[in-house]
Structures are given as C-alpha cells and as structure tokens.
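*Asks:* Sequence first, predicted model second:
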Amino acid sequence: MIRIISILVGAFFSLALLWSFGNGAASFIKEPPAATAEALFHQHPKHYSFSSDSAFGTFDKQQLQRGFKVYKEVCAACHALKQVAFRDLKAIGYNDDEVKAVAKGFQIPVYNPATGEVNTRDGLPTDHFPPVVYAGQGNPPDLSLITKARHGGAAYVASLLTGYAEQEGYKNEKGQELLKLFPDAKTPDGLYFNPYFANLNIAMPAPIASDDQVTYTDGTKATVDQMAQDVSAFLTWTAEPKLDKRKQTGWAVLGFLLFATTLAYMAYRNIWAGKKGH
Amino acid sequence: MSFPWANEYKPANALTQWLDEKLPLPRFVYNAVGAGYPVPRNLNYAWNFGVLAGFCLMLQIVTGVILAMHYAANADVAFNSVEHIMRDVNWGWMLRYAHANGASAFFVVVYAHIFRGFFYGSYKAPREMIWLLGVVIFLLMMATAFMGYVLPWGQMSFWGAKVITGLFGAIPLVGEPIQIWLLGGYAPDNAALNRFFSLHFLLPFVIAAVVILHIWALHIPGSSNPTGVEVKTESDTVPFHPYYTAKDGFGLGVFLLGYCTMLFFFPNALGHPDNYIPANAMSTPAHIVPEWYFWPFYAILRAFTSDFFIIPAKLMGVLAMFSAILVWFFLPWLDRSPVRSGHFRPVFKKFYLALVIDVLVLGYCGGAPAAEPYVMISQIASIYYFAHFLIILPIVSAIERPEALPFSITEAVLGKDESATLAPAAAH
C-alpha cells in the first residue's frame, strides 16, 4: 500500500516536472534566448596583484596612504566612507597629530536642538567620515565596504576606474563590435561607457582622468593606473581593516591545530593498537 | 538500554559517590558518551560526523550568544552594528566570521551525516526514531540558518526574507494574510527583523533539546555500523571511551583545520558580496540566491515553471521543495530491504551514487541564475530526486538480491574463524 502511494506521489511530481521541462524546452527551441550586449561585452576584472592578496601578504602602508590621498582628493567629493573613523587611520601609519589634522579637514553636521539649526563643526579623531550630500545624477554608494560588496573586489574597483573606453568602434576580445551588433546599446546622455560595469553604462564620469591628478609626496609616479591601484588597496583596507591581524592569527591557529591533530592521531593509533583492522 | 556487558560506572571517591546518590549526572555522562556505552568496533570515519555536528551546534551557540551582546536588531542600525562588531569589538571580526562560516561548517558535517545514513541504511528498524528526530533537527537548522542570514540586514538578507516568506504567499486563499502575519507587515522591516532575531536566538536551544532526544533514541538500539549486522557479542564492541573519543578527537582536529582555513583565509568565500550592501527595498539584486546549503532545494523550487492542471507553478514549486525534505520522514518505510548497509546491495549502490551526483547537480543549478540551461537541468535532476526516493527505492528494495552478509561484526573485522565453523568452509 505504502509502495503504491509513494509511486503515485513520485509520478505526480515527475509529471509536473516533465510538463515544465517540455514547455521550457519548446520555448527554448522556438525562441532561443537572444544574446545581450551585457553578456557579450561585459568584461571580467583585469588581473591586478595587491600586496595583501596572498595568505602571507600584508598591507603596504605606503600604498594605503597614497590611496587615502586619492580618496580624499578625488572620491570624497561624491562618495562617503561612513564605517571608517578618523582614528582608524592610525592603523595605516598616521600619527595622532596627522589624524587630528585629517579630521579637522572634514566638517561634521551638528543639530542644535535648542535652535533647530543644523551647523557644522570640525571633525575629531573619534568621528566617522561624514555623509556626503550629492545633488547630481545617480546614487554614489558608500565606499567603506565596496571591495567586499562587489565580485572581484579590489581588482574590480581598479578595473572600473581604468576601464572607461570610447564606445564608438569598441570591440570585445572576439573582435565583435558593440554598436554594430547592438545599435540600441548606445550609451544614453549623462551616462558613461565602461565595459567593466555590469550593464556597461555607469553614471560616474571617469574620476581619474590624467596622470598627476593627485600629487604624491613619496616619489611614486602618479599614473592613472597607479592611482587606481592605490585607491583600490586603500578601499580593501577600509572594508577589512583587520585583514593583517586575521591572517597572522590564522597561521598561529593552524600551526597549533596541526600540532594538536598530530598528537590526537598518535593517541588514536596508540589506543586502537590492540584492535586489528585499525 | 544498553548491552549486558557494558562497563558499570563506579564512583572513584567520596565526592562522586555522594553525587551519584543524589544526582547521578556523572553516571549519565559515563553511560552516554563514556566507557559505559559499548559501540561497534568497526565504525569508519563516516561515523565521525555526528560528534562534529554536536560540536558545531555548541560553537554556533557560544559565538552567537557573544555576538548578540553587540548586535542591534533594529532595521536602522542592524547593518552598522555588524560593522561595529567587525571593526570596534575586540576580536569581533573573528567571532562573526566564526559564526558565519560555522553555519556552513555545520551544514557540511550534517549533510555528510545524512548521506552516511542514506548509504548505510541508518534509518531502518530499529533506528527509525533516531532518523525521524534527525530530520526534525535538519528542518530546525534550516529555519535557524535562514533567519540568521537575515540579521546582518544586507541586500541578500532583505531579499532572501522577502522571497522565502513569499513562498507562503503561494498557499491558496490564505497565503497572502499568512505572509503578512509572518512578516508583521507588507515587506520585511523592523517587525520581521526583530522576530527573526528572537527566533534565531531561541531555535538553537530547541535544536539542542532535540539533539538530546536524538542521542537518547540512539542509545536504545546502540549505534549502527558499516556492515549493518547487529551487535551479537561483547567482542563486536569497544567502549565509546577511550576508543571513539580518541577517534573523534582526531576527526575534530581534521575538521578544525579545514574550518579555520576558511575562517581566517577565505571568510567571505561562501557568502554573497551583495550582503555587504545595506538592505534597500527600492533596489532588487540581479540574482537573489540563498546560501549554498539551500541551493539543491532552491533548484527544486525553481524547477516548476508551468502550471500543472489547476495547480499554479509557484504552489507546485513550494509543495515540491518542502516534500523534498518531508520525503525523508518516510524513508524507513520506503526502503524495505532488510539489508541495511549499501555495501551489500549492488543495485542500490549504483542508485545511491546517482543520488549524490544528482544533489550536487541540483546544488550547482540552485546557485546559478534562473536561466537556461540551468532550469532544464534542474528539472531533470528534480525528477531523479523524487523518483529516487518515491519510485526507485521501493522497487529496488523489493527486487534486489543482496550479497552475503558477514556472520558478525567481529568476523567482518578479524576474518572468519575456520576452526570454529562446524562444516568445512567451501573452497575459495
């Protein structure tokens, strides 16, 4: 009896699935899904290597400071960094006075409940980076976690920053020309063509447009590519400030576990020694 | 409740003797997971996963309770409070990654535990109750994990909550009121977040209670073993302690090596990047996917794309998704083969392998975008999934001719004792 009921239930689900499969297959044959501009022309991030990538790698503080400079002078005009406090900057090599000076350069909104007015005051090391009011088109995301919030992480950010291209005559690696295959995919006014962006058109104009846009003080040549990598490294740090400590702890933990597991294995073999088959 | 040759607890000193008379807790532990529990001597490494699952539950409760001291279940601040844990709480980043990856580790060992049960027929008489309680634990785990994933209040949290509660909306007539009642509103918001937090804190303790029943039910017939032959004599068993505590200790070390590698070096590999974007009701992610451990069931849900007679596709998918787990409750009565272990079942063995591959395919499709060819593949794979449990197992167990079983566990481990057999053994 159970057998008959179970076979009937199984047949019910199988038939419903076959019906779905048949309908799906029929429409797949009748109208094969059309290729989209995004599927053919969206680029995976370029291969960048950062000093913090490998299991032993740590942040390059010099690079993080350069990246912070790029953030402050370029990105901060539109993008906030609200998860990060000024005091956190000590972790990338600034001393107390420098942190105070950085904080002072930002204005923190203060609401005065007595008068109802909103004023501003100079930032303090304990403040977080203030919100950025943006009146233009689009919605600039907060950058605190951006490298963890996008597939590809820092390499994606660097690729996006350097990936702006002329749409006219743009070809992918197969030699297909975008506007010939998809004349409708022309980037609308107010948006900018960037094949590293998911739908190819981004509201942000190329923020790092020319070499030496930011003046580096450590002698590094401020090429567009260098600035893009530096700010991406900085944003890796803002997203995961405990990265170095995490890996350092990890090696200590794995070392201990390897030792303890070896001991546990020897204890296991020892205890089972008298029992054949183990 | 145990074999007659089980070691008896003897209090070692006056204090434990006093305690044994008033509240025999040491005796209870001794009989449950100590030298007083005789266990088949031939258990292989597949039997390590029960203890590991218990360890994961403890790990999740300890890390979770500490995280709850710093987390704020309010839609305005939940996301930021998680970042506060990551940045400003001492070792908060480690606690959070331990908890998030601990959920994945828990599912890894529980899936291994379940598939060990599938292969060795652990659900068969006299162990049906252990199995039924195990399925209850699995369902509770799924509910707990789902609600936990909502708490960081990222994009996947929000949209996952919307999709999963939306499943109840597929129920005819009362679906929509039920969905609104579950969420405490028309969309996930503060009310939903708060109740999910409350339940996410409660359910692990319910799981712990059912785990106790699960182990209690286990101690009545005793552990199964890879041959599926029941324990007959004392030589078939060894005391749990020190034999299996030692083996489980080694297993725990291997498990921790893998788990800590994920925790410290790839802590976000199993998560979705979109969950680092704060929840936004006005922006739908391109692909809403649950965590990896739900992918096989998510694939079954999405495999139903056409209405079936009067049943809407969505309702069909919801029914199938829940049935995919509920069918496990009936397993002891679907697989009627008297032979437990898959080792001695030549036909079953092949279908078992097909099931393992099938579930992996379903998992892959469940994580992929809802587009062709993944939908068609998951339709075929879902057919096999239901056919396996509901059609193939009942038929195979009726017609299959199993191979000869060893006489006893001792014989399986030490070989046949020729001098003890009455008739001369047939020439090999």
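*Replies:* Now that the structure is in, tell me what you want to look at. Numbers count the residues shown, from 1 in each chain, chains lettered A, B, ... in the order given.
*Asks:* what does the stretch 101-250 of chain A put close to chain B?
*Replies:* A:141, A:144-145, A:148-151, A:198, A:239, A:241-242, A:246-247, A:249-250 (Cβ under 8 Å from any Cβ of the partner chain). Glycine gets a C-beta too; all of them are placed from N, C-alpha and C.
*Asks:* What subset of the residues you listed is buried?
*Replies:* For those, a burial check counting by 16 or more other Cβ atoms under 10 Å in any protein chain shown picks out A:141, A:144-145, A:148-150, A:239, A:241-242, A:246-247, A:249-250.
*Asks:* State the distance from B:Trp93 to A:Val99.
*Replies:* 22 Å (Cβ to Cβ, to the nearest Å).
*Asks:* From the buried ones among the residues of the stretch 101-250 of chain A next to chain B, pick the one nearest B:Arg87.
*Replies:* A:Pro241 (6.1 Å; Cβ to Cβ).
*Asks:* any idea how far that closest one lies from A:Gln83?
*Replies:* With Cβ to Cβ as the criterion, A:Pro241 and A:Gln83 are 9 Å apart.
*Asks:* Which neighbours do the two have in common?
*Replies:* B:Arg87 (Cβ atoms under 8 Å, 6 or more residues apart in numbering or on different chains).
*Asks:* can you list the residues that contact stretch B:42-51?
*Replies:* A:277, B:109-110, B:112-113, B:116, B:119-120, B:223, B:225-227, B:244, B:247-248, B:251-252, B:255, B:409, B:412-413.
*Asks:* Now the buried members of the residues you listed.
*Replies:* Buried among these (16+ other Cβ under 10 Å): B:109-110, B:112-113, B:116, B:119-120, B:223, B:225-227, B:244, B:247-248, B:251-252, B:255, B:409, B:412-413.
*Asks:* can you tell me which of the residues you listed are up against chain A?
*Replies:* B:Lys247, B:Leu252, B:Val413.
*Asks:* okay, these in JSON lines with secondary structure and pLDDT next?
*Replies:* As requested, those are exported to JSON lines (DSSP: H, G, I helix; E, B strand; the rest coil; pLDDT from 0 to 100):
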{"residue": "B:Lys247", "secondary structure": "helix", "pLDDT": "97"}
{"residue": "B:Leu252", "secondary structure": "helix", "pLDDT": "98"}
{"residue": "B:Val413", "secondary structure": "helix", "pLDDT": "87"}
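*Asks:* between those, which is nearest chain A?
*Replies:* B:Val413 (4.1 Å; Cβ to the nearest Cβ).
*Asks:* Helix or strand: which one has the residue sitting nearest the centre point of chain B?
*Replies:* Central residue of chain B (Cα atoms, centre = their mean): B:Val110, 3.3 Å from the mean position. B:Val110 belongs to helix B:92-120 when assigned by DSSP states H and E.
*Asks:* B:Leu95 and chain A, how far apart?
*Replies:* Noted for B:Leu95: a distance of 12 Å to chain A, by Cβ to the nearest Cβ, to the nearest Å.
*Asks:* Would you mind giving the domain segments of chain A?
*Replies:* A:40-84+A:128-241, A:243-273 (automatic domain parsing).
*Asks:* now chain B
*Replies:* Split by automatic domain parsing, chain B gives B:43-269, B:294-415.
*Asks:* To A:Cys75, which of those lies closest?
*Replies:* domain B:43-269 (19.1 Å).
*Asks:* how many neighbours does B:Trp181 have?
*Replies:* 12 (other Cβ atoms under 10 Å in any protein chain shown).
*Asks:* Run through the residues that contact A:Leu243.
*Replies:* A:Ser52, A:Phe59, A:Thr236, A:Trp237.
*Asks:* Make JSON lines out of those and add secondary structure.
*Replies:* Formatted as JSON lines, the contacts of A:Leu243 follow (DSSP: H, G, I helix; E, B strand; the rest coil):
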{"residue": "A:Ser52", "secondary structure": "coil"}
{"residue": "A:Phe59", "secondary structure": "coil"}
{"residue": "A:Thr236", "secondary structure": "helix"}
{"residue": "A:Trp237", "secondary structure": "helix"}
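*Asks:* Using pLDDT, spot the least trustworthy of those residues.
*Replies:* On pLDDT alone, A:Ser52 ranks lowest of the contacts of A:Leu243, at 94.
*Asks:* got a list of what A:Ala35 touches?
*Replies:* Here A:Ala35 is in contact with no residue (Cβ under 8 Å, 6+ apart).
*Asks:* now swap in A:Lys148 and tell me
*Replies:* Counted by Cβ under 8 Å, 6+ apart, A:Lys148 has contacts A:Ala239, A:Glu240, B:Asn268, B:Pro273, B:Tyr276.
*Asks:* Leaving out sequence neighbours, find the closest residue to B:Pro406.
*Replies:* Closest residue to B:Pro406 in three dimensions, ignoring its sequence neighbours and counting by Cβ to Cβ, 6 or more residues apart in numbering or on different chains: B:Ala412, at 4.1 Å.
*Asks:* Can you read off the pLDDT for A:His278?
*Replies:* pLDDT, A:His278: 49.
*Asks:* do the same with A:Asp142
*Replies:* The per-residue pLDDT of A:Asp142 was computed as 96.
*Asks:* Is it in contact with A:Lys82, as I believe?
*Replies:* Yes. With contact defined as Cβ atoms under 8 Å, A:Asp142 reaches A:Lys82; the gap is 5.5 Å.
*Asks:* Against which helices or strands is the strand or helix carrying A:Gly67 packed?
*Replies:* Secondary structure assignment for A:Gly67, by DSSP H and E: helix A:61-73. Counting by 3 or more Cβ pairs under 8 Å, 6 or more residues apart in numbering or on different chains; DSSP states H and E, the packing neighbours recorded for helix A:61-73 are helix A:224-239.
*Asks:* hang on, the earlier thing: please tabulate the contacts of A:Lys148 in a markdown table, including the columns pLDDT.
*Replies:* Shown next, in a markdown table, are those (pLDDT from 0 to 100):
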| residue | pLDDT |
| --- | --- |
| A:Ala239 | 97 |
| A:Glu240 | 97 |
| B:Asn268 | 97 |
| B:Pro273 | 96 |
| B:Tyr276 | 97 |
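*Asks:* are any of these buried, and which?
*Replies:* Members of the contacts of A:Lys148 classed as buried by 16+ other Cβ under 10 Å are A:Ala239, A:Glu240, B:Asn268, B:Pro273, B:Tyr276.
*Asks:* Leaving out sequence neighbours, find the closest residue to the third one.
*Replies:* What it means is B:Asn268. Closest to B:Asn268 by Cβ to Cβ, 6+ apart is A:Lys148, at 6.2 Å.
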